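> When you get a sec, could you give me coordinates for this:
(chains A and B)
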Amino acid sequence: MSENMNLTLKIWRQDNATTKGHFETMKLKDISPDMSFLEMLDVLNEQLMNEGKEAFAFDHDCREGICGMCSLVINGLPHGPDHAITTCQLHMRKFKDGDTIVVEPWRASAFPVIRDAVVDRSAFDRIIQAGGFISVNTGSAPDAATIAVPKDQSDRAFDAAACVGCGACVAACKNSSAMLFVAAKVSHLSYLPQGKIEAKKRVLAMVSQMDKEGFGNCSNLYECEAACPKSITVDFIAKMNREYLGATATYAEKVYGEEM
Amino acid sequence: MILDSKIPGGPIAEKWTRHQFELKLVNPANKRKFTVIVVGTGLAGASAAASLGELGYNVKAFTIQDSPRRAHSIAAQGGINAAKNYTNDGDSIYRLFYDTVKGGDYRAREANVHRLAECSNLIIDQCVAQGVPFGRDYGGLLDNRSFGGAQVSRTFYARGQTGQQLLIGAYQSMMRQVANGTVKIYARREMLDLVVVDGKARGITVRNLVTGEIESHEADAVCLATGGYGNVFYLSTNAKGSNVTAAWRAHKKGALFANPCYTQIHPTCIPVTGDYQSKLTLMSESLRNDGRVWVPKNPNDTRSPDQIPENERYYYLEERYPSFGNLVPRDVASRNAKMVCDAGMGVGQSKLAVYLDFADSINRLGVSGISAKYGNLFQMYEKITDENPYKTPMRIFPAVHYTMGGLWVDYDLMSTIPGCFVLGEANFSDHGANRLGASALMQGLADGYFVLPYTIGGYFASTKLDKVSSADKDFEDTKKESSERIQKLLQVKGKRTVTEFHRELGHIMWENVGMARNKKGLEKALAEIPALRDEFWKNVNVLGSEGSFNQNLEHAGRLADFLEFAELMALDALHREESCGGHFREESQTEDGEAKRDDENFCYVGAWDYKGVGQKPELSKENLTFDNVHLETRSYK
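A predicted model of the protein is given here:
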């Protein structure tokens, strides 16, 4: 087991969306390599509060990599230097004594800062609301065994459904594109027979909402895939593009009566 | 108070059908005239909000997170039970009912549990139709796995993310209703109080966590789906934000709190490593399908596990419980882990851990076979501990996980405050003194999709509700109280942080109201909790302002409620002088250390009525009768 570390932290402080933010530099001593990154920030916050200063605000909840709440850019990388994990699963053994660590919020105009590293990701909810569902009312479902789903399709659907909606894909993209998030949902539902019925309507509505929210376009740099804590791959973006193309050719006018 | 559970008459299998018919209906066109507040958007809350919206009610859904998709239901890993009997191994609604009543150590209400088992199959149908990607076999049909406390395979799963996938299904259905205009989401709002008008729940006050503004919201009914109170222990598998506040404030307004001492300590969690520990991580119970639990036979054996020969290993669950083996229910597995560690056989640096060993299964199924089943869990374990569980056994130890107690509800899920319904983990009703694995998701969704949408209609159709407005005095008064409480927290300006107090409370609870309890320890806790609470109000340091995003203030408010609630929990544990399920009183055990129930004196639900901070609450009893699953000593030998 390695020794405890002394670290320098450069932390983003910002009171709210309308004020200007800045970095603050702080020193931390005696950090155990077995701590999680967020536990290190807990130590920092206890230290700050004991000095009479307000704590550094960051979103977190489950602390086991599944709720999608934690959202820190660490040394320029969403969720930090480790691979395929959320910030809360990052442990201090990935750093070494004397390191300087820079901690920032997700940066995207569609994710306005609420305070420090806390941002507003409600744009994602509005994209789901636009069509990221299967229209089935409670009570109207047939028996679960009525429709067999080939295992490979079901597994692909799961791979896409594993998205936790954290927004790291947006934070990683130079265009702040939400393509990976939207593609994951479009793919999850369109791989399943239950979701195919509304597939065309869904992809058009979700992409339209994504554009309205101010997310950028995709430049095929795959930064989103590299940052994704759930290893969602860019293949799903290709899948979404196919779905979208098919839908615009055969469906758009009938439903929306407008130029897409 | 006389507790009327309103259990319908007739044979157990017909009660729910009969009740559904007997409940009065609200005409479809009239439903839009009713507004329902749903607090919490986990499985119970989101499924209720979606279903009520589909029916045409106006729904206001509140969540403390930034998005309703993040509620702690997402963390459930292993699965959801249903009596589909797709595996042809002898399952039935009656067997699921039987297993759940027995698993709950005969402290649940039979009629509720039967209804739960009936709803279980509908849940799977609903979720599949929503696009939940359950595990399937090569024929394209749904696969099942086994869980503790059952001898049939009835657990449906979506890899190690079942809770996440089920919640996304419910969330998506709810967002569809948002688009339809029936549901409105209020994110980053925390319920601070229940507003009771003329004896009925008519609204809530909330704090907008972004602006700090205190808001009033009126409605015709309020549904609390706000989860459990495991974080009273500070360290638990709950999310950091999980809290008792909504339930506790409703309790202070007259909702009885039932069986608060029933807490579930989950046997397979990653052990504590240091004082900085902020939460505990669960390793799914499904791992016990293929992992074998053992400790070295010789106390204080410091050899690495691969150096300990087979004949010097104590596979204590397999030896003590041959018929259920590693798949005994959670309470039994946890208590046994404690027993072997208390006897000095624990492993790891702290000696507070046992091995969960996959070597045999890896020999049988190969690394790829194990990784297909548990890959994400193994990865999570490795990230946290820096050890490779494919090569060396996992080290696990029990941790607080779920709370079976909760607000008392009748068969209609209504608390003792008319119009205040309680769903999911927040109520007390279905799991008795011990919840079986893969049953929490089942209960949350049963309540939200299939029970509340019927029973709330019955309430509306048979209750006269006058018009109320958030400008009324009752609302203004409640708002003022909430605001004053926040002021009070900010004005203490003491020396200790909120987290320090929370850790200290957690320590008192774990030591004295944890896995094993006795009179002396409980009395100690009952002396220490009020003292700590007094110190909190004199010496806590809450920084920042009320009118901004302030996580420290949020934590302080939640801890203030835990400091009151903790006392009730210890008191309930002290009064229940028997062992049952997760509640183990050392004074009440058999010769070989198993829990010993006292059906003659304690076969009841203990529901407490609030009488003021530090005042002794009043106990009301709902006697439990077992007409179908007859009372017997629970044995998994």
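> List the contacts of residue 91.
Reading this off chain A. Counting by Cβ atoms under 8 Å, 6 or more residues apart in numbering or on different chains, A:H91 touches A:P33, A:D34, A:M35, A:S36, A:F37, A:D82, B:K383, B:I384, B:D386. Using the backbone N, CA and C atoms, a C-beta is placed for each residue, glycine as well.
> hm, I was asking about chain B
Neighbouring residues of B:D91 by Cβ under 8 Å, 6+ apart: B:A83, B:K84, B:N85, B:V152, B:S153, B:R154.
> can you rerun that using 10 Å?
Going by Cβ atoms under 10 Å, 6 or more residues apart in numbering or on different chains, B:D91 touches B:N81, B:A82, B:A83, B:K84, B:N85, B:D99, B:N144, B:A150, B:Q151, B:V152, B:S153, B:R154.
> Show the contacting residues for whichever residue of the stretch 401-550 of chain B sits closest to chain A.
Shortest the stretch 401-550 of chain B-to-chain A distance, computed as Cβ to the nearest Cβ: residue-wise this is B:F549, at 4.2 Å. The contact partners of B:F549, by Cβ under 10 Å, 6+ apart, come to A:15-16, A:57, A:114-116, A:118, B:188, B:208-212.
> Quick one: the helices in the stretch 1-150 of chain B, in order.
Under the criterion DSSP state H, counting those that start in this stretch, the stretch 1-150 of chain B carries helices at the ranges B:15-22, B:28-31, B:43-55, B:93-103, B:110-130.
> Out of those helices, which is closest to A:D42?
helix B:43-55 (28.2 Å; Cβ to Cβ).
> wait, does the closest one contact chain A?
Yes. Using Cβ under 10 Å from any Cβ of the partner chain, helix B:43-55 reaches chain A at B:S47, B:A48, B:A50, B:S51, B:L52, B:G53, B:E54, B:L55.
> A:A183 is in contact with A:C163, isn't it?
Yes. Between A:A183 and A:C163 there is a contact at 9.2 Å, judged by Cβ atoms under 10 Å.
> Of the two, which one has the most company?
The neighbour comparison of A:A183 against A:C163 (other Cβ atoms under 10 Å in any protein chain shown) goes to A:A183, with 31 against 25.
> isn't there a strand covering the more buried one?
No. Assignment of A:A183 by DSSP: H, G, I helix; E, B strand; the rest coil gives helix, placing it outside any strand.
> Pick out the residue of chain A closest to chain B.
For chain A, Cβ to the nearest Cβ, closest residue to chain B: A:A148, 3.1 Å.
> so that residue sits right up against B:G140, yeah?
Yes. Using Cβ under 10 Å, A:A148 makes contact with B:G140 at a distance of 3.1 Å.
> quick one: contacts for residue 76?
You didn't pick a chain, so chain A it is. Going by Cβ under 10 Å, 6+ apart, the list of residues near A:G76 reads A:V102, A:E104, A:A172.
> actually it's chain B I care about, not the one you picked
A:66, B:42-43, B:160-167, B:282, B:284, B:402, B:437-438, B:440-441, B:444.
> Please name the nearest non-neighbouring residue to the residue of the stretch 401-550 of chain B closest to chain A.
A:R115 (4.2 Å; Cβ to Cβ, 6 or more residues apart in numbering or on different chains).
> Surely that neighbour is in contact with A:F56?
Yes. A:R115 is within contact range of A:F56, at 9.4 Å (criterion: Cβ under 10 Å).
> Mutual contacts of the two, please.
Contacts common to A:R115 and A:F56, judged by Cβ under 10 Å, 6+ apart, are A:R13, B:Q551.
> Hmm, which of the contacts of B:D91 is lowest in pLDDT?
Here the lowest pLDDT out of the contacts of B:D91 sits on B:A150, with 85.
> what's the overlap in contacts for A:A148 and B:G140?
Contacts common to A:A148 and B:G140, judged by Cβ under 10 Å, 6+ apart, are A:S154, A:P193.
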